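A.B. asks: Okay, predicted coordinates and the sequence, questions at the end:
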Amino acid sequence: MSNELLEKAIVTSQTGAGKLGTSADDAARGGLLKPEQANRFIDYMFDATVVTKVARTIRMRSDIQEIDKIGVGERILKVATEADATFSNQAVVFAKISLATKKLRLDWELSSESLEDGIEGADLEDHIARMMANQVGNDVEDLILNGDSASSDTLLKAFDGVRKLATTHGHVVDAAGSTVSKGVFNDALKKMPRRYKQRRNQLRFLSGSNLVQDYLYSLTSIPGTPEDIASGIVRGDVVANNGAPGGVIPFAFGIPVVEVPLLDENQTGSYSGASGQHGDLHLTFPDNVIVGIKRDIVVHREFKPKKDTTEYTLFLRVGTAIENPDAFVVVKNVKVAAGYDARNFAAETGGSYTNLPAARP
């Protein structure tokens, strides 16, 4: 994102018009970004996230949008009989998905001393704004994936995310504490209704970083097999992991496994005698998950003389839905092998832990 866009983003009404709010038109808009600015802001927010790679993003013009669905039965053909005038028309089912957004906010401030005395000077304002926009993208992705309206977390309670929607309305397999293996992937594929396997080449496995690493480790510990990652890289059959989130690392039964770092892997487990941390393995089509972003993004800027600080407030609306829960399989209670870093980064103070998932309730 350019400095020009940030300057246009951080403007408010007459009260907040200061160093950045110089346009009378922008001041009258109260910080509402113009369509092209909002689109660029959204692009910047999700630049380093995985959600846009595994979901269909809709830029909404209203708070609630209905998406049409059209479907037919599983089997509609029948034998034609000569001179038979009896027939019945095949019904076409029309349905709608209601995609509702939730209003979210972000508040931050900068002291005059930080802007005057910092090594970056006035550029610090743009630098912090970039960091905040990037973190907003990560937080939105966290909410989309792990949101739970029953949670006590101040962000995750906004609405039910993909995991909650899929486990409530989709097909669920209980791994009951098993670590990730080819058996887990096999169970997920068997649970997927057969009519969706016609598009098998479009299916994707989605899982968190630790479970993906466990799967990689299990493959490299079986030398000489067709799934051996090391020899596969040498032969050119498998692309080496370049460390990019959302990238395809291994394959499972010919279906790519996509690493989604923000998928919650700090679950306690819901089976008898559960111990340690657990995650999920998802199997679905990438465009089955819908993410709605209302295009009206507001960023206010206001100087507070009594505090000698500049306060910023950002508002946006976000929502998510699953278009077809019947084409979504979740393997829950997959145990994460020991050895992972279990620190709560969100609770750290005085550090530079940016772009990391929030603490779990």
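C.D. replies: Yes, it's here. Numbering: from 1, shown residues only.

A.B. asks: Send over stretch 106-113 as PDB, restricted to the C-alpha atoms.
C.D. replies: Only the C-alpha atoms of stretch 106-113 are listed here, as PDB (Å, rounded to 0.1, in the frame of the first residue of the first chain):
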ATOM      1  CA  LEU A 106      -9.500  -1.300  15.900                       C
ATOM      2  CA  ASP A 107      -8.300   1.500  18.100                       C
ATOM      3  CA  TRP A 108      -4.700   2.700  18.500                       C
ATOM      4  CA  GLU A 109      -2.900   6.000  19.300                       C
ATOM      5  CA  LEU A 110       0.500   7.600  18.800                       C
ATOM      6  CA  SER A 111       2.000  10.200  21.200                       C
ATOM      7  CA  SER A 112       3.400  13.400  19.800                       C
ATOM      8  CA  GLU A 113       6.800  12.500  21.300                       C
END
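
A.B. asks: Now do the buried residues in that stretch.
C.D. replies: With burial defined by 16 or more other CB atoms under 10 Å, the residues of stretch 106-113 counted as buried are residue 110. Quick note: C-beta positions are derived from backbone N, CA and C, even for glycine.

A.B. asks: Excluding its own residues, what touches it? List them.
C.D. replies: 124-125, 128, 132, 136, 304, 307-314 (CB atoms under 8 Å, 6 or more residues apart in numbering).

A.B. asks: average pLDDT for it?
C.D. replies: In this model, stretch 106-113 has an average pLDDT of 82.

A.B. asks: just stretch 216-231 next, same as before
C.D. replies: Looking at stretch 216-231 alone, the average pLDDT works out to 58.

A.B. asks: With stretch 196-208 instead?
C.D. replies: The average pLDDT within stretch 196-208 is 90.

A.B. asks: same deal with stretch 321-341?
C.D. replies: So the average pLDDT for stretch 321-341 ends up being 89.

A.B. asks: Make residue 1 into 35 and carry on from there
C.D. replies: With 35 as the first residue, the last one maps to stretch 355-375.

A.B. asks: Alpha carbons of that stretch, as CSV, please.
C.D. replies: Presented in CSV, the C-alpha positions along stretch 355-375 are these (Å, rounded to 0.1, in the frame of the first residue of the first chain):
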residue,chain,number,x,y,z
ALA,A,355,-20.5,-18.8,5.4
ILE,A,356,-20.2,-22.3,3.9
GLU,A,357,-22.1,-22.6,0.6
ASN,A,358,-22.6,-26.4,0.7
PRO,A,359,-21.9,-28.0,4.2
ASP,A,360,-22.6,-31.4,2.6
ALA,A,361,-19.3,-31.0,0.7
PHE,A,362,-17.3,-30.4,3.8
VAL,A,363,-15.6,-33.0,6.0
VAL,A,364,-13.9,-32.2,9.3
VAL,A,365,-11.6,-34.7,11.1
LYS,A,366,-11.6,-33.5,14.7
ASN,A,367,-9.5,-34.5,17.7
VAL,A,368,-6.3,-35.0,15.7
LYS,A,369,-3.5,-34.9,18.3
VAL,A,370,-0.5,-32.7,17.8
ALA,A,371,2.8,-34.6,18.4
ALA,A,372,4.9,-33.3,21.3
GLY,A,373,7.7,-30.8,20.7
TYR,A,374,5.8,-27.8,19.5
ASP,A,375,6.1,-24.2,20.9
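
A.B. asks: and that stretch, which residues are buried?
C.D. replies: Using 16+ other CB under 10 Å as the burial criterion, the residues of stretch 355-375 that qualify are 355-359, 361-370.

A.B. asks: and which of those residues is nearest to residue 186?
C.D. replies: Closest approach to residue 186 among the buried residues of stretch 355-375 (CB to CB): residue 366, at 20.8 Å.

A.B. asks: give me every residue that touches the closest one.
C.D. replies: Contact partners of residue 366, counting by CB under 8 Å, 6+ apart, are 201, 206-209, 304, 312, 314.

A.B. asks: which ones among these are found in helices?
C.D. replies: The subset of those located in helices under the criterion DSSP state H comprises residue 201.

A.B. asks: which among the contacts of residue 366 end up buried?
C.D. replies: The neighbour-count test (16+ other CB under 10 Å) marks 201, 206-207, 209, 312, 314 as buried among the contacts of residue 366.

A.B. asks: In strands, which of those appear?
C.D. replies: Cross-referencing those with the strands (criterion: DSSP state E) gives 206-207, 312, 314 as the overlap.

A.B. asks: want to throw those into JSON lines with pLDDT and distance to residue 84?
C.D. replies: Formatted as JSON lines, the entries for these read as follows, by pLDDT from 0 to 100; distance: CB to CB, whole Å:
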{"residue": "206", "pLDDT": "97", "distance to residue 84": "23"}
{"residue": "207", "pLDDT": "96", "distance to residue 84": "23"}
{"residue": "312", "pLDDT": "93", "distance to residue 84": "20"}
{"residue": "314", "pLDDT": "94", "distance to residue 84": "15"}
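
A.B. asks: need those residues in JSON lines with distance to residue 116, can you?
C.D. replies: Formatted as JSON lines, the entries for those read as follows, by distance: CB to CB, whole Å:
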{"residue": "206", "distance to residue 116": "48"}
{"residue": "207", "distance to residue 116": "48"}
{"residue": "312", "distance to residue 116": "61"}
{"residue": "314", "distance to residue 116": "54"}
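
A.B. asks: From those, pick the one nearest residue 239.
C.D. replies: Where these are concerned, and distances follow CB to CB, residue 239 has its nearest neighbour in residue 314, at 10.7 Å.

A.B. asks: roughly how far apart are the closest one and residue 334?
C.D. replies: With distances defined as CB to CB, to the nearest Å, the gap from residue 314 to residue 334 amounts to 38 Å.
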